[in-house]
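> Based on what follows, work out the 3D shape:
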Amino acid sequence: MQAQTRTISDKIWLVLKGLAMGAANKVPGVSGGVVAFVAGFYEEFIYSLQKINGKAFRLLISGRFKSFWTYINGKFLGLLILGMLISYFSVSLVLDSALEHYPLLVWSLFFGMIIGSIYYIAKDFGDWNRNNVLLLMAGVVLGISISLLEPAQENDQLLFVFFCGIIGVSGMTLPGLSGSFILILLGNYVLLLVDSVNALYETLIDIVSLDFGFTNNAEQMRLLKVLFVFAAGSLTGLVTLSHVLGYLLKKFRNNTNAVIIGFITGSLGVVWPWKKEIFKYDSNGNALLDINGAQILDNYDRFIPTSMSLENLLALLFIIFGFIVVVALGAYGEKTRTRG
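Numbers count the residues shown, from 1 in each chain. Have a look, this model is predicted:
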């Protein structure tokens with residue numbers, strides 16, 4: 001009975017970890033891969049994705065479903081992906097609302113969590129030779145460079161959407177690279193992570209209500225098609241990137257970790273809490289809008305607070321809290337790995 005309870009508990013924890021990964025990957029500047037890295041299941045995640053290959057496909061088409069499921073570590077991947085899917089219809093919606101009403105506190109929380117991630121990943125890294133220091137600096141420069149890029153305009157061409165799927169899922173496999181922030185730079189964050197997800201949610205409600213009128217709704221069908229292509233691109237990106245990363249982790253483990261630490265450090269500017277949104281305007285001073293009527297984001301105006309107001313004090317407390325959460329999560333992950 002005790003072993004069964006522990007098994008059920010492990011399954012629940014996996015779903016919660018997947019939920020945390022999915023939620024983190026939806027927040028611009030935050031990487032779901034960091035959650036996997038700190039929680040101690042990053043390598044298992046990458047190596048499990050590597051198993052989605054030709055052999056797995058042959059097992060599947062030959063009807064050997066149990067062997068296929070075991071080969072790809074299906075219990076692990078299935079529960080993790082289930083948590084990610086749940087997050088897009090629950091925690092992600094809460095985060096959207098929180099970012100709208102309490103942006104400073106939300107950004108502060110994630111800023112603290114990323115600092116905690118850097119501390120956790122770097123604290124046991126003892127191989128700081130010249131090459132690794134150079135790779136660390138290269139990662140920092142790359143992270144800063146990406147954070148300074150100017151966002152593009154929305155583009156719903158399906159080939160581009162497929163490409164966005166490959167790039168957008170990178171945050172799941174590359175700690176420090178925020179897939180959602182990349183989608184902002186590509187101009188498709190609202191289209192792919194807000195409008196399309198909402199369209200799917202509305203469609204599911206319609207189907208449960210036995211209302212199939214959505215098939216005549218051209219806009220809803222367009223968004224569903226976009227979401228399907230985006231999902232296909234994301235799956236492609238997960239599998240292909242995992243093979244590359246799996247190879248790097250096996251052959252160049254310390255070098256890869258040095259780049260990851262640098263990249264996460266360089267991406268801190270993306271989640272700097274004290275910032276104001278800057279929107280695009282035309283030459284006549286009129287606000288530029290996307291196809292949904294929302295103002296097009298140009299970039300952020302980041303600043304250092306000059307007063308210790310209650311709001312700024314709360315922001316500092318949230319940074320500390322975020323740091324503590326990640327360090328505690330990392331300690332739990334180490335304890336779990338030791339027990340296993």
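> and Ile8, what pLDDT?
In this model, Ile8 is scored at 69, pLDDT.
> Let's verify Asp301: helix, strand, or coil?
Put simply, Asp301 is strand when judged by DSSP: H, G, I helix; E, B strand; the rest coil.
> how many other residues sit next to it?
For Asp301, the neighbour count with other C-beta atoms under 10 Å is 10. C-beta coordinates here come from the backbone N, C-alpha and C atoms, glycine included.
> surely it meets Phe279?
No. With contacts counted by C-beta atoms under 8 Å, Asp301 stays clear of Phe279, the gap being 10.9 Å.
> For Asn155, which non-adjacent residue is spatially closest?
Computed as C-beta to C-beta, 6 or more residues apart in numbering, the closest residue to Asn155 that is not its neighbour in sequence is Gly187, at 6.0 Å.
> What's the separation between the one you found and Gln153?
5 Å (C-beta to C-beta, to the nearest Å).
> ditto for Gln50
Using C-beta to C-beta, we find Gln50 at a distance of 36 Å from Gln153.
> So between those two, which is more surrounded?
Between Gln50 and Gln153, Gln50 has the larger neighbour count (other C-beta under 10 Å), namely 19 against 12.
> Contacts only, for the more buried one.
Applying C-beta atoms under 8 Å, 6 or more residues apart in numbering, one finds that Gln50 lies in contact with 242-243, 246.
> Quick check on the residues you listed: which are buried?
Using 16 or more other C-beta atoms under 10 Å as the burial test, the contacts of Gln50 include 242, 246 as buried.
> Which of the contacts of Gln50 sits closest to Ser62?
His243 (22.5 Å; C-beta to C-beta).
> just to confirm, which helix or strand has the closest one in it?
Per DSSP states H and E: His243 is located in helix 218-251.
> who's in contact with whichever helix or strand comes after that helix?
Later in the chain than helix 218-251, the nearest helix or strand by DSSP H and E is helix 253-266. Helix 253-266 has contacts (C-beta under 8 Å, 6+ apart) with 31, 34, 37, 114, 117-118, 121-122, 125, 127, 131-133, 135-147, 174-177, 245, 248-249.
> Just to be sure, which of these are found in helices?
34, 37, 114, 117-118, 121-122, 131-133, 135-147, 245, 248-249 (DSSP state H).
> Can you select the buried ones among those for me in ChimeraX?
The ChimeraX command for the buried members of the ones in helices among the contacts of helix 253-266 (criterion: 16+ other C-beta under 10 Å) is given here:
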select :34,37,114,117,118,121,122,132,135,136,139,140,142,143,144,146,147,245,249
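> If we ignore the residues flanking it in sequence, what's nearest Glu43?
Once flanking residues are discounted, Glu43 sits nearest to Leu249: 6.3 Å by C-beta to C-beta, 6+ apart.
> which ones are touching that neighbour?
43, 46, 256.
> And these, which of them are buried?
Buried, going by 16+ other C-beta under 10 Å: 46, 256, out of the contacts of Leu249.
> what about the helices in the stretch 51-200 of the chain?
Secondary structure of the stretch 51-200 of the chain (DSSP state H, counting those that start in this stretch): helices at 54-61, 65-71, 74-88, 91-101, 103-123, 130-147, 158-168, 170-173, 179-186, 189-190, 196-208.
> can you list these in a markdown table and add mean pLDDT and distance to Gly18?
What follows is those, written out as a markdown table (pLDDT from 0 to 100; distance: least, C-beta to C-beta, whole Å):
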| stretch | mean pLDDT | distance to Gly18 |
| --- | --- | --- |
| helix 54-61 | 90 | 20 |
| helix 65-71 | 91 | 17 |
| helix 74-88 | 86 | 2 |
| helix 91-101 | 74 | 11 |
| helix 103-123 | 84 | 17 |
| helix 130-147 | 87 | 25 |
| helix 158-168 | 90 | 17 |
| helix 170-173 | 76 | 10 |
| helix 179-186 | 77 | 15 |
| helix 189-190 | 77 | 21 |
| helix 196-208 | 86 | 16 |
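> For Val327, find the nearest of the ones you listed.
Nearest of those to Val327, taken as C-beta to C-beta: helix 103-123 at 5.1 Å.
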